[in-house]
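Colleague: just to be clear, the model below is a prediction. Sequence and coordinates:
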Amino acid sequence: MDLTQLIDLKECPRLAKKYEGIAALPLALPRFELDSANEFWHIWNKEVSVVDRQHIDRGAPTENPNTISKTYTQWDGLAMYEDQKLLGNAAWLTKVSTAMANSQPNYIKLIFSALPFVKIRSIRLWSAHKTISAHHDGNMPPSLDGKMRFPTEIRIMLDDKNPTETFYLTPASKHAPHTTIPIEDRYYVKLPSDTNTFAWNNEDYLHGADYIEPYKKILVVIKGWIDTKRLEKLLDQSIEKYPLYVIKEKN
Ligand SMILES: [Fe+2]
């Protein structure tokens, strides 16, 4: 399967122009609610495991495999869904929990039906255990890196114990990956109460997250190939519904 063909690349320049300057935004989708929060926490507490690096992509501090520590970790997590055929090329390896998947069937079903993907590779629940420095996520395959300059990366906030927002974007034109980002250049994602999903532009902006002990959060990381038509419709609806929450680059 040619994974690059899953993205309608000829649409990308137009979408980049249309959404220029938008770093991130909440998505106009109903809140994703767990089938059973009790079961979720029971399984999470029992099974949560460290997420290991298994492949170097552009998200790593350097792309030289000899200088990357494969023992470096920054998240704990579990996967609810993983395309086993594609897993070998994924940057991070997350323990798949059948118990977790079985306990939240409608949550997973809704991710597949409501989010604008042509194909989903993985649904992972990640909780940082240290500061995540600003970076670009890598695409699969890396030849897709640099192509989609509009909000395509989608996350669901499953749980956040932090008193204030911790996930931020910063202009890639101003800052290099894995450098210290001054506070005035951190654009924090704030979610309205009626949605827990957001998207960001993973090319023109870097993303990172503060880690403030003892507060934990769990983000649902959905990786796949976006459906440009459905995404465009959803972005338009989201901009219309949450104009004050759209994060635009400050001049
Ligand atoms: Fe990332």
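Modeller: That came in fine, so what should we check first? Numbers count the residues shown, from 1 in each chain.
Colleague: for the rest of this, base every contact and every neighbour count on C-alpha atoms.
Modeller: Noted.
Colleague: got the contact list for stretch 177-186?
Modeller: The contact list for stretch 177-186 (Cα atoms under 8 Å, 6 or more residues apart in numbering) reads Pro61, Ser133, Ala134, His135, His136, Tyr168, Leu169, Thr170, Pro171, His175, Leu206.
Colleague: check which helix or strand the first one maps to.
Modeller: This means Pro61. Taking DSSP states H and E as the definition, Pro61 sits outside all helices and strands.
Colleague: look up how far Ala90 lies from it.
Modeller: Per Cα to Cα, to the nearest Å, Pro61 is found 16 Å from Ala90.
Colleague: settle it for me: which of these two has more neighbours?
Modeller: Using other Cα atoms under 10 Å as the criterion, Pro61 and Ala90 rank with Ala90 on top: 20 against 17.
Colleague: give me every residue that touches the spatially closest residue to that one that is not a sequence neighbour.
Modeller: Distances taken as Cα to Cα, 6 or more residues apart in numbering put His55 closest to Ala90, at 6.4 Å, once the chain neighbours are dropped. Applying Cα under 8 Å, 6+ apart, we find His55 in contact with Asn89, Ala90, Ala91, Trp92.
Colleague: what residues does the lengthiest helix in the chain touch?
Modeller: Using DSSP state H to define each element, the chain has its longest helix at helix 228-241. Outside helix 228-241, the residues that touch it by Cα under 8 Å, 6+ apart are Ile7, Asp8, Glu11, Leu15, Leu25, Pro26, Leu27, Ala28, Pro116, Phe117, Thr152, Val246.
Colleague: which is the succeeding secondary structure element to the helix or strand that the fourth one is a member of?
Modeller: Following DSSP H and E, one finds Leu15 within helix 12-18. The element immediately downstream of helix 12-18 (helix or strand, assigned by DSSP H and E) is strand 22-26.
Colleague: could you give the angle of that following strand to helix 228-241?
Modeller: For strand 22-26 against helix 228-241, the angle by axes from the mean of the first three to the mean of the last three Cα atoms, to 10 degrees is 80 degrees.
Colleague: hang on, the earlier thing: dump the contacts of stretch 177-186 into TSV; add pLDDT and secondary structure as well.
Modeller: Formatted as TSV, those follow (pLDDT from 0 to 100; DSSP: H, G, I helix; E, B strand; the rest coil):
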residue	pLDDT	secondary structure
Pro61	76	coil
Ser133	94	strand
Ala134	96	strand
His135	95	strand
His136	96	coil
Tyr168	98	strand
Leu169	98	strand
Thr170	98	strand
Pro171	98	strand
His175	96	coil
Leu206	98	strand
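Colleague: adding distance to Glu47, write those out as CSV.
Modeller: Shown next, in CSV, are the contacts of stretch 177-186 (distance: Cα to Cα, whole Å):
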residue, distance to Glu47
Pro61, 29
Ser133, 26
Ala134, 28
His135, 28
His136, 29
Tyr168, 28
Leu169, 31
Thr170, 34
Pro171, 37
His175, 37
Leu206, 31
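Colleague: now those residues: which count as buried?
Modeller: The neighbour count (16 or more other Cα atoms under 10 Å) marks Pro61, Ser133, Ala134, His135, His136, Tyr168, Leu169, Thr170, Pro171, His175, Leu206 as buried among these.
Colleague: what does the very next helix or strand once past the longest helix of the chain contact?
Modeller: Remark: after helix 228-241, the chain's next helix or strand is strand 247-248, criterion DSSP H and E. Residues from elsewhere that reach strand 247-248, judged by Cα under 8 Å, 6+ apart: Gly21, Ile22, Ala23, Ala24, Leu25, Tyr187, Val189.
Colleague: tally of neighbours for Asp156?
Modeller: You called it Asp, but residue 156 is Ile. Applying other Cα under 10 Å, we find 21 other residues in the vicinity of Ile156.
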